[in-house]
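[1] sequence first, predicted coordinates after that:
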Amino acid sequence: MENKHFSQLRTVTEYWKKNTASRYMVSKATGIPLQNICRYVEILKTSNSIAIIKKDYCQISGELVEYLSTNEEVFSMQNQLKLF
């Protein structure tokens, strides 16, 4: 992965650690193209480093979307709730 993409991946990972947000919201907040955000989500999914926290309407587009997080404290709690 070239430096630009590695830097962008790090940026979105850090953003999702602090914020539960849709891909579009992350794109708008960071200036990283949505296509790249989608690519990074797939990379993070392969290493189980990102989780869908909820499905809700995007605050920007109004579309029904996935709200994601890379904060392990947030998504480990989600997994525990699914056990019961």
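    Okay, I see it.

[2] buried stuff in the lengthiest helix in the chain?
    Scanning the chain for the longest helix, with DSSP state H as the assignment, gives helix 3-18. For helix 3-18, a neighbour-count test (16 or more other Cβ atoms under 10 Å) marks Q8, L9, T11, V12, T13, Y15, W16 as buried. Every C-beta, even on glycine, is put in place using the N, C-alpha and C of the backbone.

[3] what's the most distant pair in those residues?
    Q8 and W16 (12.7 Å; Cβ to Cβ).

[4] same for the longest helix of the chain, what does it pack against?
    helix 23-30, helix 34-46, strand 64-69 (3 or more Cβ pairs under 8 Å, 6 or more residues apart in numbering; DSSP states H and E).

[5] quick check: buried residues in the second one?
    Yep, that's helix 34-46 we're talking about. N36, I37, Y40, V41, L44.

[6] can you put the helices and strands packed on helix 3-18 in CSV and add distance to K54 and mean pLDDT?
    As requested, those are exported to CSV (distance: least, Cβ to Cβ, whole Å; pLDDT from 0 to 100):
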stretch, distance to K54, mean pLDDT
helix 23-30, 13, 97
helix 34-46, 15, 96
strand 64-69, 5, 97
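
[7] would you turn the ones you listed into a markdown table with distance to N3?
    Shown next, in a markdown table, are the helices and strands packed on helix 3-18 (distance: least, Cβ to Cβ, whole Å):
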| stretch | distance to N3 |
| --- | --- |
| helix 23-30 | 16 |
| helix 34-46 | 14 |
| strand 64-69 | 24 |
